[in-house]
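> Sequence first, predicted model second:
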Amino acid sequence: MESLGVLFTNPMDSYLEEELGRRFKLFRLWDSPPEKRKEFLRANSGEIRAVVGNSVMGADADMIDALPALEIVATFSVGLDKIDLDKCREKGIRVTNTPDVLTEDVADLAIGLAICTMRQICQSDRFVRSGVWLKNGAYRLTTKFSDKKVGILGLGRIGLAIAKRAEAFNCTIGYHSRTEKPNTHYKYYPSLISLATNSDVLFVACALTHDTFHIVNREVIDALGPNGFLVNIGRGPLVDEPELVKALVEGRLGGAGLDVFENEPQVPEELFGLDNVVLLPHVGSGTVETRKEMADLVIWNLEAHVLKKPLLTPVV
Ligand code: NAP
């Protein structure tokens with residue numbers, strides 16, 4: 001299989017890198033400085049037949065155009081927002097992702113983030129470590145998660161796993177997506193505003209596309225209101241971040257638990273001083289177990305492609 005030239009877009013996982021290197025001819029894009037990358041792609045374009053990217057860098061139109069021998073893009077993520085899918089379809093380039101294997105981790109983290117934000121677990125920890133408990137006595141009261149009205153934007157694999165977990169906390173569940181799901185008893189809201197109006201906590205778990213960019217806008221945030229909480233484990237650009245920051249600073253939103261941001265790894269500094277936010281560095285699928293399963297899926301998809309067998313998790 002060494003004949004398959006694989007472009008690895010950025011450092012993402014050492015196991016995946018080693019295993020790809022053992023099976024294929026690996027081209028590490030970051031080996032060349034940013035200003036020389038076009039040249040690097042041109043020099044190796046005859047050999048590169050596959051791209052392995054992730055939520056940081058995938059295969060955009062420029063990259064696809066620069067690689068005329070490209071046959072497959074196998075992303076180390078379930079999200080496809082860094083891949084120009086239309087261009088792949090147009091050029092007959094196959095695309096695979098890593099669905100299902102990361103669902104539990106992301107849903108666990110979403111519930112963790114909600115409880116962490118509402119019960120102020122991180123802030124309470126800082127309260128103890130900084131000695132304020134000793135000096136000032138008891139910590140202030142916080143907000144309960146159990147029994148709350150949970151709204152889910154995007155009842156896909158991860159959204160559904162969040163819903164199942166929230167049910168165990170006796171929460172009532174509503175959701176919004178483009179179509180009503182026939183096999184659930186959760187309440188469907190055809191409009192996101194009405195879902196937010198009827199939710200105490202809104203989980204953002206939908207795909208980032210042209211249609212969902214800034215889908216959580218000022219109106220949605222205001223519909224959640226000063227007692228409402230937003231948890232985003234989807235993608236940063238799903239939320240209008242400047243509006244979110246304003247709402248949090250002005251007290252128009254109760255709090256936010258955020259694993260993803262609009263311009264990662266940049267996080268708005270206004271958030272750093274707020275006690276009603278929990279900020280995570282995009283770690284939804286970041287466990288040893290899950291990252292290994294994701295890596296294996298990427299490798300098996302590439303092997304299947306070389307052997308002309310059916311792809312395991314095809315998107316295109
Ligand atoms: P999925 O099963 O494809 O679910 C995506 C959901 O988005 C579907 O329910 C879909 O519902 C909804 N959706 C798409 N377009 C929409 C629109 N215009 N309006 C409303 N809803 C829309 O994907 P998944 O496996 O659950 O993953 C969901 C997302 O989570 C991924 O795309 C990724 O960005 C993110 N993610 C983040 C992390 C992390 O580390 N934080 C890890 C993994 C995944 P309809 O088709 O019915 O509209």
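Structure's in. What do you need?
> Would you mind confirming that residue 123 makes contact with residue 274?
No - using C-beta atoms under 8 Å, residue 123 is not in contact with residue 274; the gap is 9.6 Å. C-beta: built from backbone N, CA, C; applies to glycine.
> And these two? Which one has more around it.
Ranked by neighbour count (other C-beta atoms under 10 Å), residue 123 and residue 274 place residue 123 first, with 18 against 15.
> burial count for the closest residue in space to the more buried one that isn't next to it in sequence?
Nearest in space to residue 123, with sequence neighbours left out and distances taken as C-beta to C-beta, 6 or more residues apart in numbering, is residue 275 at 5.0 Å. Residue neighbour count, defined by other C-beta under 10 Å, stands at 13 for residue 275.
> and what of residue 212?
Other residues near residue 212 number 20, with proximity taken as other C-beta under 10 Å.
> Contact partners for it?
For residue 212, the set of contacting residues under the criterion of C-beta atoms under 8 Å, 6 or more residues apart in numbering consists of 206, 238.
> what separates the nearest residue to residue 272 once chain neighbours are set aside from residue 105, distance-wise?
Closest residue in space to residue 272, ignoring its immediate chain neighbours: residue 279 at 7.8 Å, by C-beta to C-beta, 6+ apart. Look at residue 279 and residue 105: by C-beta to C-beta, to the nearest Å, they are 18 Å apart.
> which of these two has more neighbours?
For residue 279 and residue 105, the more surrounded residue by other C-beta under 10 Å is residue 105, and the numbers stand at 22 against 17.
> Bridged to the residue nearest to residue 272, which residues?
Residue 279 has the following beta-bridge partners by DSSP bridges: residue 258.
> got a pLDDT number for it?
We have a pLDDT of 98 for residue 279.
> pretty sure it is touching residue 270, no?
No - applying C-beta under 8 Å, one finds residue 279 not in contact with residue 270, separated by 11.5 Å.
> Could you list the low-confidence segments of the stretch 1-150 of the chain?
Segments of the stretch 1-150 of the chain classed as low confidence (criterion: pLDDT under 70) are 1-2.
> make it 90
1-3 (pLDDT under 90).
> contacting residues for residue 49?
Applying C-beta under 8 Å, 6+ apart, we find residue 49 in contact with 4-6, 69-72.
> meant to ask about residue 66
If a contact means C-beta under 8 Å, 6+ apart, then residue 66 has 38, 41-42, 45 as its contacts.
> Try it again at 6 Å.
Neighbour list for residue 66: residue 41 [criterion: C-beta atoms under 6 Å, 6 or more residues apart in numbering].
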